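J.: need a 3D model of the following:
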Amino acid sequence: MGTKDVLPSTPVKAHTSSNANLQSTQQLSGNTPVTRKLAPQYTGSEWTVHKSRTAVKDDLGPYIPELPYEFFKDNILPPLHRKANVKGTITRLKKAGVITNAGDSSRWTAFPEDPHKLSDENKVFAKLATVVNAIFDNSGCPKKQERIVVYESLPDSIPLCCVDEKLGRPDGYLLFKNRFLADREDGRRYWRDIATPAEFKLQDTRDTLQDDVNKICWNMYQVMQEDARRRFVFAFTIENTQMRVWMANRSDVLVSQPFNFIEASRLRVLPSRVFYSLTWHVQDHEKFVHFFLSQAYAEEHELGLDPTMTMVSAEPNKVPMYDIVVRVVSKINGREKIENQTYRTQKLINDDGAKALRGRGTRVWKVHRVVGKVVDFRKPGVLKDAWVDEDREREGDILEAIRDQKCLSEVAKSALKSLFLTPIARGDVFVGNTPDGTRTLITRGAKVPDNATTFPLHVPVSHQSSHAKTTTLDAVAGGGGTTSQLNPMIQSQKLVKYFSKFHHRLVFEEECKPLSQIDSLHTVFLALREITVGLMIMHQNGPGWVHRDISAGNILVIGDETKLSDFEFAKRLDVKTAHEIRTGTANFMAVEVDTRRYLYRVDHNRARGEAVDADSLIAAVMSREGDLSSSGDRSSSARPRIPPKSDEVFHYNPTHDLESLWWVAAYFVVNKETFLASPRSSSDNPVTPADPHSSLTEEQRTYARSLFYGYPERLVAMNSTEDTPIDEHMRSLPSYLSDVCEELIKLRQTLRVHYDAIERPGYSIDKTVCSKLYKVFTDTFKALVNRLKTQDIIVKPIPRDPDQEGLRVDTARASTTAATKRSTKRQFEEGVDTSTGSKRRKANAEVDPPAEAVAEASGSVPKPKKGKGSERKKKGY
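T.: Have a look, this model is predicted:
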């Protein structure tokens, strides 16, 4: 979200499926930078609360908008009950003695002193329950009006989880009143019971504020991730006297400017230069009372719950079952017909997309159709629930546009039909008569003001506490002030633009298994070969389409078929506009896409000899017949490198899809524990591991973990046509992987030569840029499939050290990686080769749901021949 967010100037209408408007809609999308998602990486024994909290916070970027409380009141918080009146409530609280006057100010009787003067945090903030309950009791609402929430301070136990076991406990929370004690003899709370979490601190210092920021981001993440119904969440933090209100949805994370929740000044007449500041503090009690009244009598959907999802089963320690409504719009005789279809979840297939506060929030379930009150178990389906950028075409429409191109041959159409999943129902989610959008509904059409200040999620050292020695102005105003006021430099920081998102659902016919869960290398390479053919058809036909999110979770297997999913980011190659932000799968991102810069620009005019075209270079490397040095030394280390231009517009091209495919292949070899399977018998009995022992050394495991989570190491791995650290690492793996590794090394080096050729000055990159590279990929994967037919290799996740505490990437290593990143970036800008460097990074497993694309790849390239590492080095391959 940023200072120039675009909102519709006209009322928002429901999205309708139409190929006719696909091109115009796609022209708004185009290329977009990547934001890495760190939260899902912390799993197993590597998971710690502290590091996970930090990761969730870091996912949000360095700054979020800091807005006046009035913005929350007018645009985000639920409207008050018609009988509730803030000023009337305050008057009744004063009469009841809950608020007392003290000189020129008034304060809550339960807080005679500011918290920072006391020592027992639990004892101090336990009094908050007395104040909040008094607000509820004096709201003016009829007694028969049921409150939706109750307040609890300092809970004794950690909330229970249903999805993933997590630790951490909010200092306080508002609980959904009608659910939190139902059918629970032990009275334990679940994260899904929490409506609004809170964090408290006695002191208002940099360290305490930073701790509350980390914890409240974690709490909001927990609430959103634990219950699939949560569309957004409110929260609040208190440091000494300073309270902030928070809100997070799939587009935005916002925080209010702080206000003094304990004391309100009674002064009204002040010099004009401080009048606004003081008026702001005069209203502090009103803000505090308004916040809790807005929560107490809200509708459930106004506190973030999805009214189109109903929890039908919520057994302890089990993932809940839901009834989910899909709003299907069809046209009959030119008239729109709306049908609400209900599906009951049976099993959660994947929720990795929901493991971050901001993003698509994608969850995938196995479901059955509910007709009337009867569940039809005859034919299951797969339901995908996600938040899609407002200007992006829906996935079902993109699939239709690619599959139904008139220029496709019958063979190509058949291949794509086999490659794509089959949608059976799809539609945007509506709350009442309004599309469920992060801006259109959740923030009621409001956008962040252009002059919004920024709140640093990494609190600056310059943060001044509300009880520190203050200036005369601060003393008159009551202390505190916004973080931006305390650090004026922060106001100049740019807020990143995040597009508004719409809530969308899609039901597929096929129930598949993600490639990331496949344990056979034979199956993996068979699937990758079929995906290569599918990408060739997508890239080269019509305007050309690129997928832009190839990953081990988006390649699916069902029986003997392979399928490709997640087309939300797919775009036409003739679309050249760009988003400012895009979410991607970091593990498999092409290095150039990761950095948003052309990294392989080479000045061939200054190199020795004449340039060799892309096809000749590829043929020379793969056939081992051509000697690149015959046309001059063509290794990356020998050629002058053109520093990427800072103002150069970067565009995604088909080569990036193929590089992602290579990273998927490397992932299964480098980032998996491998075992040599027993030879296949003539009866085709399932294979079993022949070697039950670990195949990796600790050094190999460390490199594997480091490679798939960070940019410097991946950049170093792809930076040369000669051997790089990843090639050396592959050759250090068990001997039974040697043939597989050599083929992948040759493929990487070929891909790297291809980049050098197509990024030379004057080369036009279009949809045919990989015309012969497809055959190189299909031939490589076919060769690997044939090798593994008789004796497969089993792949399993790398086991974690049970004695390990926290991430292996400790502070020293993280510092080294950061230094490597800075050094690598500087070397590229200065035209220096970076073919050596750091080899560390963290790994992540992917998930998602899968048939086989059958088509013939065109073009001809000599069949790859086996070569030795020493020969490659000598020839400069």
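J.: now Asp211: closest residue in space, sequence neighbours ignored.
T.: Spatial nearest neighbour of Asp211, chain neighbours left out: Lys201 (6.9 Å); criterion: C-beta to C-beta, 6 or more residues apart in numbering. Glycine gets a C-beta too; all of them are placed from N, C-alpha and C.
J.: got the phi and psi for that neighbour?
T.: When quoted as degrees, to the nearest 10, the phi and psi of Lys201 stand at phi -150, psi 140.
J.: wait, it sits on Met243?
T.: No: counting by C-beta atoms under 8 Å, Lys201 sits too far from Met243 to count as a contact (11.2 Å).
J.: quick check, Val533 in contact with Phe781.
T.: No: counting by C-beta under 8 Å, Val533 stays clear of Phe781, with 9.9 Å between them.
J.: now for Asn653: which residues touch it?
T.: By C-beta atoms under 8 Å, 6 or more residues apart in numbering, the contact set of Asn653 is Val546, Leu573, Ile765, Val769.
J.: which of those residues ranks first by neighbour count?
T.: Val546 (24 neighbours; other C-beta atoms under 10 Å).
J.: tell me how far that one lies from Asp657.
T.: 6 Å (C-beta to C-beta, to the nearest Å).
J.: mutual contacts of the two, please.
T.: In terms of C-beta under 8 Å, 6+ apart, Val546 and Asp657 are both contacted by the residues His539.
J.: could you measure from Leu419 over to Lys366?
T.: 21 Å.
J.: now do Arg714
T.: Where Lys366 is concerned, Arg714 sits at a distance of 34 Å (C-beta to C-beta).
J.: the more surrounded of the two?
T.: More crowded of Arg714 and Lys366, by other C-beta under 10 Å: Arg714, with 23 against 16.
J.: so the more buried one: helix, strand or coil?
T.: Three-state assignment for Arg714 (DSSP: H, G, I helix; E, B strand; the rest coil): helix.
J.: show the pLDDT at it.
T.: We have a pLDDT of 81 for Arg714.
J.: which residue packs closest to it, ignoring adjacent ones?
T.: Going by C-beta to C-beta, 6+ apart, Arg714 has Val591 as its nearest residue, at 5.2 Å.
J.: repeat for Lys177
T.: Using C-beta to C-beta, 6+ apart, the closest residue to Lys177 is Val150 (4.9 Å).
J.: and that neighbour, that one's in a strand?
T.: Yes: counting by three-state DSSP, Val150 is part of a strand.
J.: for it, give its distance to Ala129.
T.: Going from Val150 to Ala129 by C-beta to C-beta gives 10 Å.
J.: and these two? Which one has more around it.
T.: For Val150 versus Ala129, the count of surrounding residues by other C-beta under 10 Å is larger for Val150: 19 against 16.
J.: so what's the model's average confidence on the helix or strand containing Val132?
T.: Here Val132, judged by DSSP states H and E, is contained in helix 121-137. Throughout helix 121-137, pLDDT has a mean value of 94.
J.: helices or strands next to that helix in the packing?
T.: In terms of contacts (3 or more C-beta pairs under 8 Å, 6 or more residues apart in numbering; DSSP states H and E), helix 121-137 is packed against helix 86-95, strand 149-153, strand 172-176, strand 194-201, helix 284-296.
J.: to Pro797, which of the ones you listed lies closest?
T.: For the helices and strands packed on helix 121-137, proximity to Pro797 was assessed by C-beta to C-beta; strand 194-201 is nearest, at 31.6 Å.
J.: can you map out the helices along the stretch 601-750 of the chain?
T.: Per DSSP state H, counting those that start in this stretch, the stretch 601-750 of the chain carries helices over the ranges 614-623, 654-670, 698-707, 712-718, 725-731, 738-758.
J.: export the fourth one as PDB, just CAs?
T.: Coordinates of each C-alpha in helix 712-718 appear next as PDB, following Å, rounded to 0.1, in the frame of the first residue of the first chain:
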ATOM      1  CA  PRO A 712      23.600 -13.500  -3.200                       C
ATOM      2  CA  GLU A 713      24.200 -17.300  -3.300                       C
ATOM      3  CA  ARG A 714      21.800 -17.800  -6.100                       C
ATOM      4  CA  LEU A 715      23.300 -15.000  -8.000                       C
ATOM      5  CA  VAL A 716      26.800 -16.500  -7.600                       C
ATOM      6  CA  ALA A 717      25.500 -19.900  -8.600                       C
ATOM      7  CA  MET A 718      24.200 -18.600 -12.000                       C
END
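J.: ok, back up a step: can you tell me which of the helices of the stretch 601-750 of the chain has the worst average pLDDT?
T.: helix 614-623 (a mean of 42).
J.: rewinding a little: of the helices and strands packed on helix 121-137, flag the one that's most buried.
T.: The highest average neighbour count among the helices and strands packed on helix 121-137, using mean count of other C-beta atoms under 10 Å, belongs to strand 194-201 at a mean of 26.
J.: ok so, going back, let me have the helices of the stretch 601-750 of the chain in JSON lines, extended by distance to Gly372.
T.: Shown next, in JSON lines, are the helices of the stretch 601-750 of the chain (distance: least, C-beta to C-beta, whole Å):
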{"stretch": "helix 614-623", "distance to Gly372": "60"}
{"stretch": "helix 654-670", "distance to Gly372": "43"}
{"stretch": "helix 698-707", "distance to Gly372": "51"}
{"stretch": "helix 712-718", "distance to Gly372": "53"}
{"stretch": "helix 725-731", "distance to Gly372": "57"}
{"stretch": "helix 738-758", "distance to Gly372": "53"}
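J.: among these, which comes closest to Cys512?
T.: helix 654-670 (16.0 Å).
J.: for Leu303, the count of nearby residues, please.
T.: There are 22 residues near Leu303, going by other C-beta under 10 Å.
J.: give me the distance between it and Lys355.
T.: Counting by C-beta to C-beta - Leu303 and Lys355 are separated by 22 Å.
J.: for Asp594, same thing?
T.: 20 Å.
J.: with neighbour numbers in mind, choose between those two.
T.: In terms of neighbours (other C-beta under 10 Å), Lys355 is the more surrounded of Asp594 and Lys355; the figures are 24 against 19.
J.: correct me if wrong: that one contacts Gln225.
T.: Yes: judged on C-beta under 8 Å, Lys355 makes contact with Gln225 at a distance of 6.2 Å.
J.: give the bridge partners for Tyr322, please.
T.: Met311 (DSSP bridges).
J.: roughly how far apart are Lys87 and Phe71?
T.: With distances taken as C-beta to C-beta, Lys87 is found 20 Å from Phe71.
J.: repeat for Ala665
T.: 49 Å.
J.: ok, these two, which is more surrounded?
T.: Counted by other C-beta under 10 Å, Ala665 and Phe71 do not tie: Ala665 has more neighbours, with 24 against 20.
J.: wait, that one sits on Phe525?
T.: Yes: applying C-beta under 8 Å, one finds Ala665 in contact with Phe525, separated by 7.2 Å.
J.: shared neighbours of these two, which are they?
T.: Listed as contacting both Ala665 and Phe525 by C-beta under 8 Å, 6+ apart are Phe781.
J.: just give me the neighbour total for the closest residue to Tyr774 other than its chain neighbours.
T.: Nearest-residue entry for Tyr774: Met536, 4.3 Å, with adjacent residues in sequence omitted and distances by C-beta to C-beta, 6+ apart. Met536 is flanked by 28 other residues according to other C-beta under 10 Å.
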